[in-house]
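1. Provide a 3D model corresponding to the input given below.
(chains A and B)
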Amino acid sequence: AQSVTQPDIHITVSEGASLELRCNYSYGATPYLFWYVQSPGQGLQLLLKYFSGDTLVQGIKGFEAEFKRSQSSFNLRKPSVHWSDAAEYFCAVASTSGTYKYIFGTGTRLKVLA
Amino acid sequence: DVKVTQSSRYLVKRTGEKVFLECVQDMDHENMFWYRQDPGLGLRLIYFSYDVKMKEKGDIPEGYSVSREKKERFSLILESASTNQTSMYLCASSATGIYGYTFGSGTRLTVV
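-> Below is the predicted model:
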């Protein structure tokens, strides 16, 4: 069965510091992988996605993620965090079976210190 | 700007009431989804629909039903609301193929 693990429930970084949010997945074939961000009281917004090809993908708001098949990971990174990046981040994997259901991780809440 | 609109941001209902949560998308998407979001549990799929009048159960369908009479509208129904259905409900839609979901802003439902 597919699954997604985000091992960090909370992360706190200082503004201007670099950020890495971890995501590990379990899937039998090449997965479709996504990162979403949720600001307080809002729905989720797509940051970036990986389908195939280049394993380093660029997203919106200066985020990037790297797919590492050997580690079953899809970690999200940002070189310099801004106070407005404080939010909850969700990693997701999509089924390739045709119904396009997504499995979401439990989320990582990011706090940014001024 | 493409949108998924959920009719209510906040709802308070009484135990035993029949509750309707409405979701409308303007992107002509085939697929629509209802998730509930709870702290520490992430997003869990309740039901989804890949065509008008078609629906499939997700991971936690008990206590819920859905209706999709038109392509743009997907309704979640709580037949008899209970306090354990207090949650944030998120609607999403997607085109066929892997393009990513577009989410609505969510409905925070409190059952008292």
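
2. low-scoring pLDDT stretches of chain B, where are they?
-> B:1-2, B:97-98 (pLDDT under 70).

3. please redo it, this time with the cut-off set to 50
-> In the predicted model, chain B carries no residue with pLDDT under 50.

4. Near chain B, which residues of chain A are found?
-> Chain A comes close to chain B at residues A:9, A:32, A:34, A:36, A:41-46, A:49, A:51, A:90, A:94, A:96, A:99-102, A:104-107, as judged by C-beta under 8 Å from any C-beta of the partner chain. The C-beta positions use only the backbone N, C-alpha and C, and glycine is treated the same way.

5. Out of these, name the ones that lie in helices.
-> Secondary structure assignment by DSSP state H places none of the residues of chain A next to chain B in helices.

6. can you tell me which of these are in strands?
-> Counted as lying in strands by DSSP state E, out of these, are A:Tyr32, A:Phe34, A:Tyr36, A:Leu44, A:Gln45, A:Leu46, A:Lys49, A:Phe90, A:Ala94, A:Tyr102, A:Phe104.

7. So, low pLDDT: which residues of chain A?
-> Ranges of chain A meeting pLDDT under 50: none found.

8. Spatially central residue for it, please.
-> The centroid of chain A falls nearest to A:Trp35 when counting by C-alpha atoms, centre = their mean (3.5 Å).

9. Could you work out the most separated pair of the ones in strands among the residues of chain A next to chain B?
-> Using C-beta to C-beta, those span at most 17.6 Å, a distance reached by A:Tyr32 and A:Gln45.

10. Who has more neighbours out of these two?
-> A:Tyr32 (20 against 17; other C-beta atoms under 10 Å in any protein chain shown).

11. bridging residues for the closest residue to that one other than its chain neighbours?
-> Here the nearest residue to A:Tyr32 in space, its sequence neighbours aside, is A:Ala94; by C-beta to C-beta, 6 or more residues apart in numbering or on different chains that works out to 3.9 Å. Beta bridges link A:Ala94 to A:Tyr32, A:Tyr102, judged by DSSP bridges.

12. Now do stretch B:63-72: everything it contacts.
-> B:24-26, B:28-30, B:32, B:34, B:46-47, B:49, B:51-55, B:74-80, B:82, B:85 (C-beta atoms under 8 Å, 6 or more residues apart in numbering or on different chains).

13. Quick one, which of those are buried?
-> Buried by 16 or more other C-beta atoms under 10 Å in any protein chain shown: B:24-25, B:29-30, B:32, B:34, B:46-47, B:49, B:55, B:74-76, B:78, B:85, out of these.
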